[in-house]
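Colleague: Have a look at this prediction, sequence included:
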Amino acid sequence: MTAAVLALSGLAKSYGAVRAVAGLDLALHPGEVVALVGENGAGKSTVVNMITGMTQPDAGTIRIKGAAVTLPNPRAAQGRGIGVVHQHYALVDSFTVAETFALGAAGPGRLDRASLRARVAALAAEVGIAIDPDARIGSLDVAGQQRVEILRALSRPVDLLVLDEPTAVLTQEDADRLFAVIARLRTKGVAVLLITHKLADVFRICDRAAVMHAGHLVADRPVAAFTPEAVVSLMIAGQEGSDAAAEMAGRLSADFATDDAAPVPEDHAAGPVLLTAEGLRLRRANGSVAVEGVGFDLRAGEILALAGVEGNGQAELIQCLAGLALPDAGHVAFGAFDSRRPGLDAAALRRAGLAHVPDDRRHQGIAEGLSLTENLILSHLSGPRYARGPLLDRGHARADTAAAIADYAIRTTGPDQPIGRLSGGNQQKLVLARELLGEPRLLLAAHPSRGLDIRTIAAVQDHLRAARDRGAGVLLVSADLGEIWRLADRVMVFAAGHMRGPVRLADVTRAELGGWMAGH
Ligand SMILES: Nc1ncnc2c1ncn2[C@@H]1O[C@H](COP(=O)(O)OP(=O)(O)OP(=O)(O)O)[C@@H](O)[C@H]1O
């Protein structure tokens, strides 16, 4: 066999007493697509950080094409042919796609627009990516921005491309396009390391899967030698045939259900109207109209899903409903609150029973430097839960945090740990626990399961159903049709500036919804 593009041996990294990665051996050969999977906190990002020069290993060797190397910073990894597409893109909204390629280009000199555009177009054609070099980044949806990041990673010589949870933000249609690009890269001899929580990705596109459990690599085999149940068991328990995995089996078959096999959603008797939106026009931060003509009722005791490719106004709607931005036209009413009257603010809405799981966890969901307990308090500062006269009842908040850590199996050293030290999925778990505390009447849940492992997704779905069953209204924003099918009672779609629906799930097929989401 040809020399491995990348070979890791005995790679290890600890943070204090936490062994994030313990003695990992892994090799990738040219043209191989390898999945790296594991539960939240298993150590996947730490591996990515070590091979992309963002973190230094404590022990072990990294070999690139046979030579032992050190990667003191990301530039060193790039220089060695390792490209990476992170979950959070470093793009500037006001730039065009072509201008983005001038960022980080070496040396001074005049920006030669014509040659930049030509370079971008040629590269895009080579890997089969459809992109307009003149499009502004801010006008692209999340899948478009991801395509720009992939092209940017490929604009230097790349032997290994690392993709960190690329399908988490994509619809099935966009994921299919991404898989076509990966297949193209494979034929060109590029090795791909795909970090994912979606088992379907593993079985669709990967040659091999490496499974991590609590910092250890517990299996590394060709995909054909795995069953979905075996992967789940290895992730959850570090071994095959675990009871916990058997419990998950039913959930798994729902994940893999095709259109025909998908269970028909149950009909729930919804209660009175909780929230009304009428004639809304929503603008993006850059001033362009994201969507207009938005009107719907959300009832107590129902889950209403908002589907659509991200970037079509979903985030703007949530901002507006959470009292963080006013609509450009139209109005929203929730209980005694009406966006046409002054005095509507986010704190008052929270006191009235609104909870909000934000889309952008890093900027709106958490304060990285603060402890888990302090982060839990953040959403309840204006409410009665932790009020003790003029003071905060920190003991109560700490006890709630400890309970959340146990309930959601949050991987942390305890309630006092700064939340920024947790893996992304574990941060998300705390945000969910915080927002579901105190039984909100209205829950705005934007991509609540993004970045979570399948066991936690199952738990989150149970929590959302429980909230619905006790009479809360839930607005679920999701690009994942499977999730919508498992949870929602009704669904509406934002695409191409317009709203479709809401309709009952029983009255629409997945194919129809997929078509709406694609703007057909
Ligand atoms: N900077 C840090 N300081 C302290 N602990 C850290 C730090 N970064 C990661 N860890 C710990 O290392 C462990 C592995 O985290 P890592 O982010 O690699 O997990 P992951 O598999 O990528 O999880 P996820 O699926 O949630 O992204 C976790 O227990 C995490 O809390």
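Modeller: Perfect, thanks for sending it.
Colleague: what does this protein put close to the ligand?
Modeller: 15, 18, 20, 38, 40-46, 411, 421-426 (CB under 6 Å from any ligand atom). Just so you know, the C-beta spots here come from the backbone N, C-alpha and C atoms, and that holds for glycine as well.
Colleague: Please flag which of these sit within helices.
Modeller: By the criterion of DSSP state H, membership of the residues of the chain next to the ligand in helices covers 44, 45, 46, 424, 425, 426.
Colleague: Reformat the residues you listed as CSV; add pLDDT and distance to residue 158.
Modeller: Formatted as CSV, these follow (pLDDT from 0 to 100; distance: CB to CB, whole Å):
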residue, pLDDT, distance to residue 158
44, 96, 20
45, 94, 20
46, 96, 22
424, 85, 24
425, 86, 27
426, 91, 31
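Colleague: Out of those, which end up buried?
Modeller: The neighbour-count test (16 or more other CB atoms under 10 Å) marks 44, 45, 46, 424, 425, 426 as buried among these.
Colleague: quick one: contacts for the fourth one?
Modeller: Residues in contact with residue 424, defined by CB atoms under 8 Å, 6 or more residues apart in numbering, are 40, 45, 87, 361, 451.
Colleague: Equivalent analysis for the last one, please.
Modeller: Residue 426 makes contact with 40, 41, 410, 411, 412, according to CB under 8 Å, 6+ apart.
Colleague: My read is that the third one contacts residue 429, right?
Modeller: Yes. Between residue 410 and residue 429 there is a contact at 5.0 Å, judged by CB atoms under 8 Å.
Colleague: In the stretch 151-300 of the chain, where is pLDDT below threshold?
Modeller: Along the stretch 151-300 of the chain, the parts satisfying pLDDT under 70 run over 249-269.
Colleague: Sketch out the strands for it, chain order is fine.
Modeller: With DSSP state E, counting those that start in this stretch as the criterion, the stretch 151-300 of the chain has strands at 160-164, 191-195, 208-213, 216-222, 273-283, 289-299.
Colleague: Rebuild the ones you listed as JSON lines, extending it with mean neighbour count.
Modeller: Output for these, formatted as JSON lines (neighbours: other CB atoms under 10 Å):
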{"stretch": "strand 160-164", "mean neighbour count": "24"}
{"stretch": "strand 191-195", "mean neighbour count": "24"}
{"stretch": "strand 208-213", "mean neighbour count": "24"}
{"stretch": "strand 216-222", "mean neighbour count": "17"}
{"stretch": "strand 273-283", "mean neighbour count": "19"}
{"stretch": "strand 289-299", "mean neighbour count": "18"}
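Colleague: Same list (those) but as CSV, adding distance to residue 9.
Modeller: Converted to CSV, these look like this (distance: least, CB to CB, whole Å):
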stretch, distance to residue 9
strand 160-164, 16
strand 191-195, 16
strand 208-213, 14
strand 216-222, 11
strand 273-283, 52
strand 289-299, 49
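Colleague: of those strands, which approaches residue 398 most closely?
Modeller: Of all the strands of the stretch 151-300 of the chain, strand 208-213 sits nearest to residue 398, with 29.4 Å by CB to CB.
Colleague: and the closest one, what other elements does it pack with?
Modeller: With contacts taken as 3 or more CB pairs under 8 Å, 6 or more residues apart in numbering; DSSP states H and E, strand 208-213 sits against strand 33-38, strand 216-222, helix 228-237.
Colleague: what's the closest of these to residue 162?
Modeller: Within the helices and strands packed on strand 208-213, the stretch nearest residue 162 is strand 33-38; the backing value is 8.9 Å (CB to CB).
Colleague: what about that closest one, average pLDDT?
Modeller: Averaged across strand 33-38, the pLDDT comes to 96.
Colleague: Which neighbours in the sheet does that strand have, and how are they oriented?
Modeller: strand 191-195 (parallel), strand 208-213 (parallel) (DSSP bridges).
Colleague: Turn those strands into JSON lines, columns for distance to residue 55.
Modeller: JSON lines is the format used below for the strands paired with strand 33-38 (distance: least, CB to CB, whole Å):
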{"stretch": "strand 191-195", "distance to residue 55": "15"}
{"stretch": "strand 208-213", "distance to residue 55": "16"}
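Colleague: and which of the ones in helices among the residues of the chain next to the ligand is nearest residue 299?
Modeller: residue 425 (31.3 Å).
Colleague: what about residue 467, distance to the ligand?
Modeller: For residue 467, the distance to the ligand equals 23 Å [CB to the nearest ligand atom, to the nearest Å].
Colleague: May I have the phi/psi pair for that residue?
Modeller: Backbone torsions of residue 467, given as degrees, to the nearest 10, read phi -60, psi -40.
Colleague: what sits against it?
Modeller: The contact partners of residue 467, by CB under 8 Å, 6+ apart, come to 436, 439, 440, 443, 474.
Colleague: make it 7 Å
Modeller: 436, 443, 474 (CB atoms under 7 Å, 6 or more residues apart in numbering).
Colleague: just residue 220 next, same as before
Modeller: 26, 208, 210.
Colleague: ok, the last one touching residue 217?
Modeller: Yes. Residue 210 is in contact with residue 217 according to CB atoms under 7 Å; the separation is 5.9 Å.
Colleague: and for these two, which residues touch both?
Modeller: Joint contacts of residue 210 and residue 217 (CB under 7 Å, 6+ apart) are residue 26.
Colleague: so which residue of the protein comes closest to the ligand?
Modeller: residue 425 (2.7 Å; CB to the nearest ligand atom).
Colleague: Identify the residue nearest that residue in space, chain neighbours excluded?
Modeller: residue 40 (2.8 Å; CB to CB, 6 or more residues apart in numbering).
Colleague: coming back round to it: please report how far the residue of the chain closest to the ligand lies from residue 362.
Modeller: Between residue 425 and residue 362 the computed distance is 13 Å (CB to CB, to the nearest Å).
Colleague: what's the answer for residue 424, then?
Modeller: 9 Å.
Colleague: can you check residue 499 too?
Modeller: Relative to residue 362, residue 499 is positioned 28 Å away (CB to CB).
Colleague: same check, this time on residue 144
Modeller: To residue 362, residue 144 is 21 Å away according to CB to CB.
Colleague: again, but for residue 197
Modeller: Counting by CB to CB, the gap from residue 197 to residue 362 is 18 Å.
Colleague: okay, these two: which has more neighbours?
Modeller: The residue with more neighbours, out of residue 197 and residue 362, is residue 197; 24 against 13, by other CB atoms under 10 Å.
Colleague: Who are the contact partners of the nearest residue to the more buried one once chain neighbours are set aside?
Modeller: Take residue 197 and drop its neighbours on the chain: the residue closest to it by CB to CB, 6+ apart is residue 453, 5.5 Å away. By CB under 7 Å, 6+ apart, residue 453 lies in contact with 39, 40, 197, 235, 425.
Colleague: quick revisit: ok, of the contacts of residue 467, which one's closest to residue 483?
Modeller: Of all those, residue 474 has the smallest distance to residue 483: 12.3 Å, by CB to CB.
Colleague: Is that closest one in contact with residue 301, as I believe?
Modeller: No. With contact defined as CB under 7 Å, residue 474 does not count as touching residue 301 (9.3 Å).
Colleague: what is in contact with the two at once?
Modeller: Counting by CB under 7 Å, 6+ apart, the shared contacts of residue 474 and residue 301 are residue 468.
Colleague: Between those two, point out the one with more neighbours.
Modeller: Comparing residue 474 with residue 301 by other CB under 10 Å, the one with more neighbours is residue 474, at 25 against 19.
Colleague: ok, how many other residues are close to the residue nearest to residue 74 when sequence neighbours are not counted?
Modeller: Nearest residue to residue 74 in three dimensions, chain neighbours excluded: residue 53, at 4.6 Å (CB to CB, 6+ apart). Counted with other CB under 10 Å, residues neighbouring residue 53 total 22.
Colleague: Let me see the ranges of the helices in the stretch 401-520 of the chain.
Modeller: Per DSSP state H, counting those that start in this stretch, the stretch 401-520 of the chain carries helices over the ranges 424-436, 454-469, 481-487, 510-517.
Colleague: Please work out the average pLDDT along the second one.
Modeller: Here the mean pLDDT over helix 454-469 is 88, rounded to a whole number.
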